[in-house]
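Colleague: here is my input; please provide its structure:
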Amino acid sequence: MSKTILFGGLTPLHELLIKGAVESFGYRAQFLPTPDNSSLRVGREYCNRGMCNPTYYTVGNLIKFLQEKAAQGIPVEEEFLFVTVGACGPCRFGMYETEYRHALKEAGFKNFKVSILNQSEFSSEGEFELTPSLLWALVKAVWLADVLRDLGYQLRPYEVEEGSVDREIGNFSRELYLALKGGAGVLELYSLLKNLRERLEELPFDYTRVKPVVSVIGEFWAHTTEGDGNYRLHRWLEEEGAEVRPEPVAGWIDYQLFIEAEKVKREIKVKGVSVNRLKRLAAVKLMAFVFRSLYNLFRAPFSFRPKPLPSQKLLAELAKPYFDYMVVGGEGHLEVAKHVYSVKYKKAHMVVSVKPFGCMPSTQSDGAQVKVLADYPHSIFISVETSGDGEVNVKSRVQMKLYEAKRAAKEEFDSLLRELNMTYSGFERVFSCEEFREPFVKLSDRFIGTGARALWANRLRVKSLLEPSVEVV
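Modeller: Numbering: from 1, shown residues only. Coordinates of the predicted model:
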């Protein structure tokens, strides 16, 4: 293909590694800048009314890029091809393809080509062909980006040298890009991840900082982007003193495979068993197993510190009293399930659900969240709607909930100190030792906060290092 493939809509880290995967097949690829509020304005100018913000941001981002290149004298309709993901169902995400084509025509790029990837069937339409080999390369790239992103959010709040984690992961991501561009296999990528661990182990960390863990969920694009589309919420929460738990893109793919398998099961129940249906079901289940196994393999070099993909079956069961998981569209039941999962299994002190203005599936989920909060009154939960403005109001509301989460994190840690008959100064003294300042200190799953998890997991060692007069039970 002579054209340069344009794509975008995820995080810069994901897009850099996807670029490497695509280029390994001989394509020229370029990812678009992170959509900003000027992209929103362009999108609103050329799109139909009544679209959700992700449409305006992503469509406007493409048109803004093309306008800038056209102003430089570049024949964009001949030079570029845009590749995006398509879907169907009640969510306006199913209208993205039509909206891209309409807006491009309105902006004067009526001959510009758009190629669509079907996210549920893993097929393609248009000039760009999604082969099994390319799909595997893309999965490796996205999974790697998920693991690195999660790792960064877990380590940054405790780094002693500000910016050190971003520096190491940034340098490493460029090495990964070159490896993916060169067609690196799974074992080579695994070896590279082990090398990153060695680099991170040279950095000091301070796990005496008691921070609330905040899970960011919601509509897929709104909880994934790291730009104006969600007010740069992840980094802002971190600046406000939280440890953030972002959602992985892999979880969305895992969800798509789960729903596809459930559809086949229902088809078998209604229409009966057939060889083709059994083959489809086996293929989907095998793909889900392989993808999850690969994700866990990439977590392994970091002592499985990046969080695992939760069972889709478990999430469906958790959502069942509130939301039918076969009511598809957007994240559907996942917003409810992730909230319950975070509270019931002690994964976060606070859950923030982010949705674009007027997002129908998220609005339905919000209705169900009322019942969830009635069943889990101790949950610290807030749903925020993004519209491109109102940033001060949204962040003010989140700050009030974050104050509650900080108090909950402190109470959790103080209760552990009382249980161990230990003072904070004693804990601080022991965790200032070099062995507890390395990044991958042993953690327990009994508590939520990282400091509490580290103290409980290492309580016997802490006891041996404390003064004999201090009793730990």
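
Colleague: please count neighbours and contacts with C-alpha atoms only from this point.
Modeller: Fine.

Colleague: and the strands in the stretch 51-200 of the chain?
Modeller: 80-86, 114-118, 123-125 (DSSP state E, counting those that start in this stretch).

Colleague: so which elements touch the strand or helix carrying V284?
Modeller: When elements are assigned from DSSP states H and E, V284 belongs to helix 275-299. Identification of packing neighbours for helix 275-299 by 3 or more CA pairs under 8 Å, 6 or more residues apart in numbering; DSSP states H and E yields helix 132-155, helix 186-200, helix 249-271.

Colleague: what sits up against the helix or strand following the shortest one?
Modeller: Translated: helix 186-200. Remark: after helix 186-200, the chain's next helix or strand is strand 213-218, criterion DSSP H and E. Contact with strand 213-218 is made by 223, 234, 242-247, 331, 335, 338, 342, 347-355, 362, 405, 409, 448-449, as judged by CA atoms under 8 Å, 6 or more residues apart in numbering.

Colleague: how deep is the residue lying closest to D324 once chain neighbours are set aside tucked in, by neighbour count?
Modeller: Spatial nearest neighbour of D324, chain neighbours left out: H333 (6.6 Å); criterion: CA to CA, 6 or more residues apart in numbering. Per other CA atoms under 10 Å, the neighbour tally for H333 reads 26.

Colleague: which residues are in contact with H333?
Modeller: 316, 319, 323-325, 327, 365.

Colleague: turn the residues you listed into JSON lines, columns for pLDDT.
Modeller: Formatted as JSON lines, these follow (pLDDT from 0 to 100):
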{"residue": "A316", "pLDDT": "96"}
{"residue": "A319", "pLDDT": "95"}
{"residue": "F323", "pLDDT": "92"}
{"residue": "D324", "pLDDT": "89"}
{"residue": "Y325", "pLDDT": "88"}
{"residue": "V327", "pLDDT": "84"}
{"residue": "S365", "pLDDT": "85"}
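
Colleague: just the buried subset of those, please.
Modeller: 316, 319, 323, 325, 365 (16 or more other CA atoms under 10 Å).

Colleague: okay if I get these as a markdown table plus secondary structure and distance to N458?
Modeller: Compiled in a markdown table, the buried ones among the contacts of H333 are given as follows (DSSP: H, G, I helix; E, B strand; the rest coil; distance: CA to CA, whole Å):
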| residue | secondary structure | distance to N458 |
| --- | --- | --- |
| A316 | helix | 35 |
| A319 | helix | 35 |
| F323 | coil | 40 |
| Y325 | coil | 40 |
| S365 | helix | 40 |
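
Colleague: which two among those residues are spaced furthest apart?
Modeller: Greatest spacing in these, by CA to CA: A316 and S365 (13.6 Å).

Colleague: helices of the stretch 351-473 of the chain, residue ranges please.
Modeller: Listed in chain order, the helices of the stretch 351-473 of the chain (DSSP state H, counting those that start in this stretch) span 360-375, 391-419, 424-430, 450-457, 459-465.

Colleague: oh sorry, the question was meant for the stretch 1-150 of the chain
Modeller: According to DSSP H, counting those that start in this stretch, the helices that the stretch 1-150 of the chain contains are 12-23, 37-46, 53-71, 76-79, 96-106, 132-155.

Colleague: okay, buried residues for the third one please.
Modeller: Judged by neighbour count using 16+ other CA under 10 Å, the buried positions of helix 53-71 are 53-64, 66-67.

Colleague: got it, and the last one?
Modeller: Buried residues in helix 132-155, counted by 16+ other CA under 10 Å: 134-135, 137-155.

Colleague: now tell me what touches it from outside.
Modeller: Counting by CA under 8 Å, 6+ apart, 13-14, 17-18, 20-22, 25, 122, 165-166, 169, 180, 186, 205, 243-246, 248-250, 291, 294-295, 298-299, 305-307, 439 sit against helix 132-155.

Colleague: which among the residues you listed end up buried?
Modeller: For the contacts of helix 132-155, buried by 16+ other CA under 10 Å: 13-14, 17-18, 20-22, 165, 169, 180, 205, 243-246, 248-250, 291, 294-295, 298-299, 305-307, 439.
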